[in-house]
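[1] give me a model of this one.
(chains A and B)
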Amino acid sequence: MQLMKLQIRTITDHSHSIRWTSYPRELEYNEEQDTDRLPILHGELGVAAPRSLRLVLRVHNQAGIPIIEGQNRVEAGQRSFTVSELRPLGIEAYAHKREAERLQIARRIWSRRAYGTLTFLAAP
Amino acid sequence: MLSQLARAPLYHLARRTGRLRPLPMNLTFSVSYQCNSTCKTCNVWRKRVQDFSLDEYEQTFRHLGHSPYWLTFSGGEPFLRPDLVDIILAAYRHCRPGIINIPTNGILVKRVVKGVERLAREASRAQIVVNLSLDGIGEQHDEIRGVPGNYAKLLETYAGLRGLNAPNLTLGVHTVISQYNVDHFIPLHHHVREHLRPDSYITEIAEERVELDTVGLDITPPPAKYAEVVDHLVADIDANPAEGVAGVAQAFRRRYYQMARRTLEEQRQVLPCYAGVASAHIAPNGDVWTCCIRAEPMGNLREVGYDLRQVWNSPRADDLRGSIRRGECHCPLANAAYSSMLCDPPSLWQVGWHMLKTRLRRRPAKQ
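    Numbering: from 1, shown residues only, chains lettered A, B, ... in the order given. From the prediction side, this is the model:
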């Protein structure tokens, strides 16, 4: 099993609760593990989250265009987190297509990933 | 056009400060994703959303007032909507735009010709620009566009539009330069100049756009090949300078080609982008985008009573404008680039300088 890495280029922290040295610089994923969806990305903070956070990951192509988005929560006290359920931007216009076809489209778009950006928000 | 130049400093200030938010002068409406072409360079025909009704457009234009000067009605194939002309005339009544631009594949011959004839007659104070999409000669065009017989129909539509007695109609031809035709571009250009002789000829590079779902398609020609095309187009402009308004348009086009080439080579925002400031795009379902490249909704008109201002002044819109201002993305999108050039002092200076040089060069020839 070979883990791949998605470099995180910028991080915006609207929660103001994590020191910049503790931000993840990359997320890891296993390209071959999930055949029925886009990969799940794993990341780790340098310190445990002091409060519950919501994070938004955006995956960009080489031209800086956001192409895929995913969200998750990091509970207070946790260091590691995952981002699953990645969703290509605009995929809702394919709601009429079969799941397999949507996955094929998602994989094509995922193939253009260049880097990610993360936004942390205080979770309600 | 001069009135728009007067607004340019306002947009320049808006982009720099991020505080002012004048409504855009250049608005594109994709009226439907439906398309009767299945181009190799586009997947929009596969997409489906709930399109705005005529009444929803009417409400949108009423709120917009006279702010937009340049309106584009795009698709999909816009003429597949039987109410397209009614939509555009509603925009004309409420917004009084100076330019109305419609790209079309020209397949629906009668509908396009009759529709444009009515539009040019009833929107007599606007300049109607109809651009026919042409990506190759004969069968090559049909193959790229995925429709046998498309080329013949395009010629029929072209002839029909040429035959109209409409002084406010500009008949253009538009080519998307992609992997599929970059090697045949120069003969195509000669063909257009010698046989069609349109009022204007514009080209755009095939690129990855979220709207068209082309992310991950290998459609963009290599920078070196595109550079050859740009050299050819620039040399052609220099050898055949136009006069008057056409000359101004030509000078902007020349500048655009050079910027597009550099953007592709340098992979950065060469021209400061005013998408989300001076230009914007409305999706068929009312999503408001800075541009069709990013196609990231600032908001949806259906959720705000069809009032663009509410979306335009939202924190989400400011976020997207900020991202573009910081140069986090780059692209050679022509539509946004033209309004960006109009708001960008160095571009205006270069366009003006080119026009002056052209005029000086022409003077001895006249004497």
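[2] dump the residue contacts of the residue of the stretch 101-250 of chain B found nearest chain A.
    Taking C-beta to the nearest C-beta, chain A has its nearest neighbour within the stretch 101-250 of chain B at residue B:216, 3.7 Å off. Quick note: C-beta positions are derived from backbone N, CA and C, even for glycine. By C-beta atoms under 8 Å, 6 or more residues apart in numbering or on different chains, the residues touching residue B:216 are A:108, A:109, A:110, A:111, A:112, B:208.
[3] where does the chain dip in pLDDT?
    Just going to use chain A. For chain A, applying pLDDT under 70 flags the ranges A:1.
[4] that answer is for a different chain, and I need it for chain B
    For chain B, the stretches flagged by pLDDT under 70 are B:1-2, B:363-367.
[5] which residues in it form helices?
    Applying DSSP state H to chain B gives helices spanning B:2-17, B:54-64, B:84-95, B:109-122, B:139-145, B:150-162, B:185-191, B:223-239, B:244-266, B:308-312, B:315-325, B:334-343, B:345-366.
[6] name the surrounding residues that touch the second one.
    When you say that, I think you mean helix B:54-64. B:23, B:27, B:29, B:52, B:83, B:86-87, B:90-91, B:93-95, B:282, B:286, B:301-302, B:305-309.
[7] thinking again about what came up before, I'd like the helices of chain B laid out as JSON lines, including mean neighbour count.
    Output for those, formatted as JSON lines (neighbours: other C-beta atoms under 10 Å in any protein chain shown):
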{"stretch": "helix B:2-17", "mean neighbour count": "14"}
{"stretch": "helix B:54-64", "mean neighbour count": "18"}
{"stretch": "helix B:84-95", "mean neighbour count": "20"}
{"stretch": "helix B:109-122", "mean neighbour count": "18"}
{"stretch": "helix B:139-145", "mean neighbour count": "19"}
{"stretch": "helix B:150-162", "mean neighbour count": "19"}
{"stretch": "helix B:185-191", "mean neighbour count": "17"}
{"stretch": "helix B:223-239", "mean neighbour count": "16"}
{"stretch": "helix B:244-266", "mean neighbour count": "19"}
{"stretch": "helix B:308-312", "mean neighbour count": "20"}
{"stretch": "helix B:315-325", "mean neighbour count": "17"}
{"stretch": "helix B:334-343", "mean neighbour count": "24"}
{"stretch": "helix B:345-366", "mean neighbour count": "13"}
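[8] adding distance to residue A:23, write these out as JSON lines.
    As requested, the helices of chain B are exported to JSON lines (distance: least, C-beta to C-beta, whole Å):
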{"stretch": "helix B:2-17", "distance to residue A:23": "29"}
{"stretch": "helix B:54-64", "distance to residue A:23": "42"}
{"stretch": "helix B:84-95", "distance to residue A:23": "46"}
{"stretch": "helix B:109-122", "distance to residue A:23": "55"}
{"stretch": "helix B:139-145", "distance to residue A:23": "46"}
{"stretch": "helix B:150-162", "distance to residue A:23": "52"}
{"stretch": "helix B:185-191", "distance to residue A:23": "47"}
{"stretch": "helix B:223-239", "distance to residue A:23": "34"}
{"stretch": "helix B:244-266", "distance to residue A:23": "29"}
{"stretch": "helix B:308-312", "distance to residue A:23": "31"}
{"stretch": "helix B:315-325", "distance to residue A:23": "19"}
{"stretch": "helix B:334-343", "distance to residue A:23": "33"}
{"stretch": "helix B:345-366", "distance to residue A:23": "37"}
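[9] how about the helices in chain A?
    Using DSSP H, the helices of chain A run over A:99-110.
[10] residues contacting the most centrally placed residue in chain A?
    In chain A, the C-alpha nearest the mean C-alpha coordinate belongs to residue A:57, at 3.9 Å (C-alpha atoms, centre = their mean). Counting by C-beta under 8 Å, 6+ apart, residue A:57 makes contact with A:27, A:41, A:69, A:70, A:71, A:83, A:86, A:116, A:117, A:118.
[11] nearest to chain B, of those residues?
    Nearest to chain B among the contacts of residue A:57, with distances taken as C-beta to the nearest C-beta, is residue A:117, at 8.5 Å.
[12] burial measure for that closest one, as a count.
    By other C-beta atoms under 10 Å in any protein chain shown, 18 other residues sit near residue A:117.
[13] now swap in the one 3 residues further on and tell me
    By other C-beta under 10 Å, the residues close to residue A:120 number 21.
[14] that one contacts residue A:50, doesn't it?
    No - between residue A:120 and residue A:50 there is no contact under C-beta atoms under 8 Å: 11.4 Å.
[15] give me the common contacts of these two.
    A:17, A:18.
[16] if we can go back for a sec, and which of the contacts of residue B:216 is nearest residue B:72?
    Nearest to residue B:72 among the contacts of residue B:216 is residue B:208, at 20.3 Å by C-beta to C-beta.
[17] and the closest one, what does it touch?
    Going by C-beta under 8 Å, 6+ apart, residue B:208 touches A:61, A:63, A:65, A:112, B:214, B:215, B:216, B:217, B:219, B:220, B:293.
[18] same check on residue B:277?
    Here residue B:277 is in contact with B:11, B:14, B:15, B:24, B:321, B:343 (C-beta under 8 Å, 6+ apart).
[19] excluding residues flanking it in the chain, which one is nearest it?
    Leaving aside its chain neighbours, residue B:277 sits nearest to residue B:15 (4.8 Å; criterion: C-beta to C-beta, 6 or more residues apart in numbering or on different chains).
[20] could you check how far that neighbour is from residue B:326?
    11 Å (C-beta to C-beta, to the nearest Å).
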